[in-house]
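Undergrad: Build me a structure from this.
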Amino acid sequence: MRQKSKRTKGIEQAHPFAGMSKVNPYAAGVDIGAEEIVVCVAPNETTQLVRGFGNYTVDLHAIADWLVEHDIKTVAMESTGVYWIPLFEVLEQGGFECLLISSRSLRRVAGRKSDISDAQWIQTLHNYGLLEGSFRPQADLVTLRSLLRHRRSLVDHRSPHVLHMQKALLQMNIQLSQAVSDVTGVTGQAIIRAILSGMRDPRILASFREPGCKKSEEEIGKALTGTWREEHLFVLKQAVALYDFYTQQILECDQEIERLYSETRPDWDGGELQALSSRKRNSHSKNQFYESEKIRGHLKRISGVDISLVDGFGVSLAQTVIMECGTDMSKFPTDKHFCSWLGLAPKHEISGGKVLNNKTLKTKNRAGQAFRMAAQSVKQAECAFGVLYRRLRARLGPAQATVATAHAIARVVYRMLKYKVEYDPLSVNEYQKQYEEQQIKYMKKRAAKLGYQLMPVPA
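TA: Got it, this is the predicted structure:
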């Protein structure tokens with residue numbers, strides 16, 4: 001253990017919350033840094049005991065032992081980068097209740113700032129129940145979530161090398177992107193690899209065209225006549241090699257994800273899968289999992305319902321939502337709390353009876369982004385969500401219509417996960433009928449408020 005880990009400081013001071021009752025009497029506050037972790041406990045009403053530790057694994061276990069010595073039951077820590085993860089896991093395994101706190105919850109008045117004062121402030125707020133922990137899904141889903149996020153980063157790292165391929169081809173005046181819709185498709189990759197093997201005859205290169213390709217061999221041949229500069233061919237070769245490397249890494253990641261799926265809640269029975277609609281069955285993406293139907297079965301077994309059937313969803317978005325939100329909706333009292341956490345509800349700021357701001361907050365919530373993508377995919381669909389989007393777009397514009405539609409989809413998914421009921425889609429006619437009844441009810445109420453009575457016109 002490093003020397004600085006022995007630093008202990010007892011501080012007696014007047015409590016800033018004198019007169020308030022303690023909600024968590026056995027609470028600790030932790031300030032986490034890259035090289036030092038500062039822990040604060042309150043052994044009595046007037047004293048806060050602060051101690052510095054290192055960040056090696058032995059130091060993390062020393063923190064747990066020190067907290068046990070002071071009868072600590074719950075620990076609050078700020079989410080600092082990824083430094084909090086090892087300590088959080090060690091303390092969670094030690095039986096402590098751990099709260100991960102957003103930096104926005106720890107705002108304080110301007111003044112002198114240090115690691116010690118930050119740890120004291122966290123401990124004080126947590127002591128009096130003034131902190132609310134950030135949401136984290138169930139522990140058995142965290143490992144899967146980490147791998148899925150890693151897979152997403154691999155896909156993001158692969159994308160620039162596709163652009164490098166296209167740039168190298170264009171610099172040689174090879175208009176492959178005009179000849180085929182996707183250079184990473186079967187036809188595009190066959191032509192590129194033939195070029196790298198030394199083939200230069202445009203007619204032979206065009207013969208690699210797949211039967212389903214829209215352009216004829218003659219048109220493709222015209223696009224494949226270029227200058228064949230050596231430096232650009234070298235760049236193309238390296239871009240293809242990097243693309244293949246990341247593709248192989250993604251495949252291995254998919255296999256590891258499949259293995260973890262089979263080990264997660266293996267005793268749960270998800271039942272049989274319903275057949276997907278033709279629109280969802282025919283949709284495809286090169287970033288999809290290589291065995292998406294297997295993944296779909298695992299998701300239903302883990303969650304108890306198949307949310308990939310929801311209009312606008314698919315296996316990929318269903319997977320993102322379940323891994324980011326978990327399957328225990330009891331952490332969200334109502335669907336309003338759930339949508340607020342997703343960033344799909346406006347934040348009303350009211351002062352003096354006036355609404356100062358009611359805009360939706362910007363958020364990086366991955367689950368919230370998944371619901372927005374689902375809303376985008378139903379824009380032209382003949383379903384209740386599609387009708388809702390088009391109706392709101394005419395009045396509010398596309399941006400607000402997307403958020404409102406995502407909000408509606410999120411409420412449906414919340415009820416499915418909470419009450420374990422399968423998706424029962426509302427037909428367009430039923431939706432229109434419900435909307436008309438809602439409008440009639442609103443107009444009758446409005447007319448009564450103005451002293452009038454709404455009467456139907458006889459047919």
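Undergrad: residues making contact with stretch 354-363?
TA: 342-350, 403 (Cβ atoms under 8 Å, 6 or more residues apart in numbering). (C-beta placed from N, C-alpha, C; glycine too.)
Undergrad: same thing with stretch 440-459?
TA: Outside stretch 440-459, no residue touches it (Cβ under 8 Å, 6+ apart).
Undergrad: Would you mind writing the CA trace of that stretch as CSV?
TA: Provided in CSV are the C-alpha atoms of stretch 440-459 (Å, rounded to 0.1, in the frame of the first residue of the first chain):
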residue,chain,number,x,y,z
ILE,A,440,-64.9,15.0,-29.0
LYS,A,441,-64.5,14.7,-25.2
TYR,A,442,-62.1,17.7,-25.2
MET,A,443,-64.4,19.9,-27.3
LYS,A,444,-67.4,19.1,-25.1
LYS,A,445,-65.4,20.0,-22.0
ARG,A,446,-64.2,23.2,-23.7
ALA,A,447,-67.7,24.2,-24.8
ALA,A,448,-69.1,23.6,-21.3
LYS,A,449,-66.4,25.8,-19.8
LEU,A,450,-67.6,28.6,-22.1
GLY,A,451,-71.2,28.0,-21.3
TYR,A,452,-72.2,26.1,-24.5
GLN,A,453,-73.3,22.6,-25.2
LEU,A,454,-71.9,20.6,-28.1
MET,A,455,-74.6,18.8,-30.1
PRO,A,456,-74.0,16.3,-32.9
VAL,A,457,-75.3,17.2,-36.4
PRO,A,458,-78.0,14.7,-37.5
ALA,A,459,-77.0,12.5,-40.4
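Undergrad: ok, which stretches of the stretch 351-459 of the chain are strands?
TA: Secondary structure of the stretch 351-459 of the chain (DSSP state E, counting those that start in this stretch): strands at 354-357.
Undergrad: so where's it shaky on pLDDT?
TA: 459 (pLDDT under 70).
Undergrad: let's see it at 80
TA: Within the stretch 351-459 of the chain, the stretches with pLDDT under 80 are 351-363, 458-459.
Undergrad: Check the stretch 51-200 of the chain too.
TA: 80, 103-113.
Undergrad: now do 70
TA: Within the stretch 51-200 of the chain, the stretches with pLDDT under 70 are 105, 107-112.
Undergrad: could you say which helix or strand contains Ser117?
TA: Counting by DSSP states H and E, the element that carries Ser117 is helix 115-127.
Undergrad: how far does that helix sit from the chain's center?
TA: Centre-to-centre, helix 115-127 and its host chain are 30 Å apart (Cα atoms, centre = their mean, to the nearest Å).
Undergrad: Put the alpha carbons of it into CSV.
TA: Output of helix 115-127 as CSV, limited to C-alpha atoms (Å, rounded to 0.1, in the frame of the first residue of the first chain):
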residue,chain,number,x,y,z
ASP,A,115,-10.5,16.1,-2.7
ILE,A,116,-11.1,16.2,1.1
SER,A,117,-13.8,18.8,0.9
ASP,A,118,-15.5,17.0,-2.0
ALA,A,119,-15.5,13.7,0.0
GLN,A,120,-17.0,15.6,3.0
TRP,A,121,-19.7,17.2,0.9
ILE,A,122,-20.7,13.9,-0.6
GLN,A,123,-20.8,12.2,2.8
THR,A,124,-22.9,15.1,4.2
LEU,A,125,-25.4,15.1,1.4
HIS,A,126,-25.8,11.3,1.5
ASN,A,127,-26.1,11.4,5.3
